[in-house]
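Engineer: Give me a 3D structure for the following:
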Amino acid sequence: MEEFFLHLWDEVDDIAGVCRHLATSAAAEVVATAAPLIAAVSAALLAGTATLLLARQSLLSLLA
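Structural biologist: Predicted structure coming up:
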């Protein structure tokens, strides 16, 4: 009977290991996919902010 439980525990441990591996791989894929998107959005926001600040400065100097 003890051998049965040891075998069952071994199978459950193998399944848990596969689930851990899949979760880790999925997380790594999401991070690898999201990183360039985050960089692109950050660059666009930075460029937009710089453009608005420069436009505001030009408008203020024209009005003065």
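Engineer: Give me the residue at the spatial middle of this protein.
Structural biologist: The residue lying closest to the centre of the chain (Cα atoms, centre = their mean) is Val31, at 3.5 Å.
Engineer: ok, that residue - contacts?
Structural biologist: For Val31, the contact set (Cβ atoms under 8 Å, 6 or more residues apart in numbering) is empty. C-beta coordinates here come from the backbone N, C-alpha and C atoms, glycine included.
Engineer: model confidence over the helix or strand where Ser61 lies, on average?
Structural biologist: Ser61 is part of helix 2-63, with elements assigned from DSSP states H and E. Summarised as a single mean, pLDDT over helix 2-63 is 90.
Engineer: hang on, the earlier thing: any idea how far the residue nearest to the centre of the chain is from Val41?
Structural biologist: With distances taken as Cβ to Cβ, to the nearest Å, Val31 is found 15 Å from Val41.
Engineer: if we can go back for a sec, what distance do you get for the residue nearest to the centre of the chain to Ser25?
Structural biologist: With Cβ to Cβ as the criterion, Val31 and Ser25 are 11 Å apart.
Engineer: Check Phe5 too.
Structural biologist: For Phe5 relative to Ser25 (Cβ to Cβ), the value is 30 Å.
Engineer: got the CA positions of stretch 34-44 in PDB?
Structural biologist: Provided in PDB are the C-alpha atoms of stretch 34-44 (Å, rounded to 0.1, in the frame of the first residue of the first chain):
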ATOM      1  CA  ALA A  34       5.400  43.100 -23.800                       C
ATOM      2  CA  ALA A  35       8.800  44.700 -23.400                       C
ATOM      3  CA  PRO A  36       9.100  46.200 -26.900                       C
ATOM      4  CA  LEU A  37       5.500  47.400 -26.800                       C
ATOM      5  CA  ILE A  38       6.100  49.100 -23.500                       C
ATOM      6  CA  ALA A  39       9.300  50.700 -24.900                       C
ATOM      7  CA  ALA A  40       7.400  52.000 -28.000                       C
ATOM      8  CA  VAL A  41       4.600  53.400 -26.000                       C
ATOM      9  CA  SER A  42       7.000  55.100 -23.600                       C
ATOM     10  CA  ALA A  43       8.900  56.600 -26.600                       C
ATOM     11  CA  ALA A  44       5.700  57.900 -28.200                       C
END
